[in-house]
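Enquirer: Kindly return the folded structure for what I paste below:
(chains A and B)
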Amino acid sequence: AQSVAQPEDQVNVAEGNPLTVKCTYSVSGNPYLFWYVQYPNRGLQFLLKYITGDNLVKGSYGFEAEFNKSQTSFHLKKPSALVSDSALYFCAYQFSNTGKLIFGQGTTLQVKP
Amino acid sequence: DAEITQSPRHKITETGRQVTLACHQTWNHNNMFWYRQDLGHGLRLIHYSYGVHDTNKGEVSDGYSVSRSNTEDLPLTLESAASSQTSVYFCASSEHGTTRYEQYFGPGTRLTVT
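Expert: Below is the predicted model of the structure:
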């Protein structure tokens, strides 16, 4: 069955340091992968997506993600974290035939000053 | 600006009552989705629609129903509310075509069933 895993419930980084939020997937065929962010008491906001092409995808707010087919990973990264990046991050896989999304369980990112 | 809204934002109801959560989008998107968010489960798909009069079951559809009479609205009905349906509910929409397009999410409805 198709699945998405985010192995870390929480990631803590200091402001100014690089951050990585991990995502791995188990799907058949070519994956369509997404990252969303959720701020407290808000809906999810789209950050970036990988459909095809370059393995390094750039998105909103300085975030980027690297698609690695051999490791079945799609880790979210940012070179220099901000306190305002603190939020809940979701990785998601999109079914190519229906457009439905399967979400990982989410990772809370805490950036400390 | 186009947007997607949900109402009410908070709702408390009793076990056994019928509850309807509203979702309205002005993106003119054909695709609409309902999810529930629970700790430890991320978001799980309840129902979705690709257009007027089209509805489909998601992975956790038992006890829920939807109907699509126009492009803008996809109300979610809990036929007989149960305590297990206490959750935060999100509506989302996306462009026509099944894949490649990101979904736009509403602000959510926090439902408590007592």
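
Enquirer: Quick check: closest non-adjacent residue to residue B:111.
Expert: Using C-beta to C-beta, 6 or more residues apart in numbering or on different chains and skipping the chain neighbours, the partner closest in space to residue B:111 is residue B:11 (5.0 Å). For glycine as for every other residue, the C-beta is placed from the backbone atoms N, C-alpha and C.

Enquirer: ok, now how distant is that neighbour from residue B:81?
Expert: Counting by C-beta to C-beta, to the nearest Å, the gap from residue B:11 to residue B:81 is 10 Å.

Enquirer: For stretch B:19-32, list every residue counted as buried.
Expert: With burial defined by 16 or more other C-beta atoms under 10 Å in any protein chain shown, the residues of stretch B:19-32 counted as buried are B:19, B:21, B:23-25, B:27, B:29-32.

Enquirer: Could you do stretch A:49-67 as well?
Expert: Across stretch A:49-67, burial judged by 16+ other C-beta under 10 Å covers A:49-51, A:57, A:59, A:63-67.

Enquirer: Likewise for stretch A:39-46?
Expert: Result for stretch A:39-46 [16+ other C-beta under 10 Å]: buried residues A:43-46.

Enquirer: In contact with residue 38: list those residues for me.
Expert: The chain I'm using is chain A. Each residue near residue A:38 by C-beta atoms under 8 Å, 6 or more residues apart in numbering or on different chains is listed here: A:44-45, A:87-90, A:106.

Enquirer: hm, I was asking about chain B
Expert: Applying C-beta under 8 Å, 6+ apart, one finds that residue B:38 lies in contact with B:44, B:87-88.

Enquirer: Pick the one among the residues you listed closest to chain A.
Expert: Using C-beta to the nearest C-beta, residue B:44 comes nearest to chain A of those, at 7.7 Å.

Enquirer: secondary structure element for the closest one?
Expert: Following DSSP states H and E, one finds residue B:44 within strand B:42-51.

Enquirer: one step back: how far out from the middle of the chain is the helix or strand hosting the residue nearest to residue B:111?
Expert: Using DSSP H and E, residue B:11 maps to strand B:10-13. In terms of C-alpha atoms, centre = their mean, to the nearest Å, the centre of strand B:10-13 is set 15 Å apart from its chain centre.

Enquirer: repeat for stretch B:20-31
Expert: Counting by C-alpha atoms, centre = their mean, stretch B:20-31 is centred 9 Å from the centre of its parent chain.

Enquirer: dump the residue contacts of residue B:91.
Expert: By C-beta under 8 Å, 6+ apart, residue B:91 lies in contact with B:4, B:6, B:21, B:23, B:25, B:32-35, B:74, B:76, B:105-106.

Enquirer: just residue B:109 next, same as before
Expert: Contact analysis of residue B:109 by C-beta under 8 Å, 6+ apart lists B:6-11, B:21, B:88-90.

Enquirer: Please list only the buried members of the residues you listed.
Expert: Buried among the contacts of residue B:109 (16+ other C-beta under 10 Å): B:6, B:11, B:21, B:88-90.
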